[in-house]
Every structure is written in structure tokens, then in C-alpha cells.
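Chemist: Quick one, fold the following:
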Amino acid sequence: MYKKRKWNKKGGFTDLFLFMIISLIIVLISGVFIYMGLLVTDKLHESMDDMTFGSTNASEVIDDNMGDVNDAYGGLYWISIFLIVGMMLSIFIGSYLVTTKPIFFVPYIFITIIAIIVSVGISNAYEQIILNPTMASTFMNFTGANWILLHLPTWITAIGFVGGIIMFSRMGKREETMYGY
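Modeler: Numbering: from 1, shown residues only. Sure, this is the predicted structure:
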């Protein structure tokens, strides 16, 4: 006879917290990479512009090499927003694939409310980071990621409730269709 395959169906209760933390980390690391790339280029120009390597000027070598690095880091502005949107979609897909019992609706609501409260602090902390004069010029170009992280409580509310609706509207239906009874 066929054995029932046990899937890892723990639910999407921590997805909102992972979304907040990973989104913040992605944008901060991307911002630091971009800032450091520009800073290293400026420092190299300050210290090496008057040097020559054979027939080439050090300024050309710096622009050729570090310019390519900074161009590549410029893609992080868009990569970060695509990763954040991808995480949103994965929360919805994960909510669709999870079957849960109706009793877990109340804890899900409480966890969503706690996530909304935590997101207010994360959003305010991110606002302080991007208003820092040292990093403001770097974070100014993260338009999509800035908009999401500055409005994080609204996004967490929407993602939490839509994910909950998806998860709890399918209660018990997956096992019936999966095994054919």
C-alpha cells in the first residue's frame, strides 16, 4: 500500500518576522556595499592619481576597475526591491501550500499584531539610518526599498492579513485533494 508522505507543514507564522529582518538586512548590506565602493574609489583617486604604471595613468586604471565594481553595485538598487517583492510572493505561496486547523487563527492574529508593532520600530530605525548625513546620498537611490521599509507597518498589515486569508480559507482542503479521499 501507499504510505502517506509527511510534508513539513509548520505554517507561515514566522514569515512576517523573517520578511522584516531579511528586507532590512538586504537593504543595509546593499547600501554599505555601494557606499564602500564609492568611498574606496574616492580614496584611491586621492592617493594614486599622480602615479603612472608604465604608459597608463593610475587614474585610468582606477576608473576602469573600480568603475566596473561601482557599476555592478549600482544594480543592487533594483536587486534589493526584487528580492523584497519575491519574499512577499513567497509568503503568499507558502500560505497557500500550508494547511492548518481553525484553532490557529487566533494565534496567527496575535502574531500578526506583534509583527505590526515590531515593524513600527524597524521602520523608525530605518528612517534614522537613511537620514544620517553620511549615508543619505547612498540610500536616496533605493526608491522602492525605501518606500517599502518606510511604510513597513502598512505592508506587514497587508501581507499578514492577505496571507492569513489565503492560509485559513484553504483549511483542510490540501490533504483531501493530495491523497484522493
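Chemist: residue boundaries of the strands in the protein?
Modeler: Assigned by DSSP state E, the strands in the chain fall at 52-53, 56-57.
Chemist: Please compute how far the last one lies from its chain's middle.
Modeler: Taking Cα atoms, centre = their mean, to the nearest Å, one finds strand 56-57 lying 41 Å from the centre of the chain it belongs to.
Chemist: Just checking: what are the partner strands of that strand?
Modeler: Partners of strand 56-57 in the sheet, by DSSP bridges, are strand 52-53 (antiparallel).
Chemist: which residues touch the partner strand?
Modeler: With contact meaning Cβ atoms under 8 Å, 6 or more residues apart in numbering, strand 52-53 is reached by 58, 61. All C-beta atoms are positioned from the backbone trio N, CA, C, and that covers glycine.
Chemist: how about 6 Å then?
Modeler: For strand 52-53, contacts defined as Cβ atoms under 6 Å, 6 or more residues apart in numbering pick out no residues.
Chemist: which stretch in the strands of the chain has the least confidence?
Modeler: Here the lowest mean pLDDT among these goes to strand 52-53, at a mean of 74.
Chemist: in the protein, which ranges drop under the pLDDT threshold?
Modeler: The model of the chain has pLDDT under 70 over residues 1-12, 171-181.
Chemist: what residue is smack in the middle of it?
Modeler: Note on the chain: the residue nearest the mean C-alpha position is residue 23, at 2.5 Å, using Cα atoms, centre = their mean.
Chemist: Give me the distance between the closest residue to it other than its chain neighbours and residue 148.
Modeler: Nearest non-adjacent residue to residue 23, counting by Cβ to Cβ, 6 or more residues apart in numbering: residue 84, 5.0 Å away. Going from residue 84 to residue 148 by Cβ to Cβ, to the nearest Å gives 6 Å.
Chemist: ok, now which ones touch residue 122?
Modeler: Shown in contact with residue 122 (Cβ under 6 Å, 6+ apart): 20, 152.
Chemist: burial measure for residue 22, as a count.
Modeler: Number of residues near residue 22 (other Cβ atoms under 10 Å) recorded here: 13.
Chemist: Hmm, residue 77 is touching residue 139, no?
Modeler: No: with contact defined as Cβ atoms under 6 Å, residue 77 and residue 139 do not form a contacting pair (9.9 Å).
Chemist: Mind checking which of the two has more residues around it?
Modeler: Neighbour count, other Cβ under 10 Å: between residue 77 and residue 139, residue 139 has more, with 23 against 19.
Chemist: Many thanks, have a good one.
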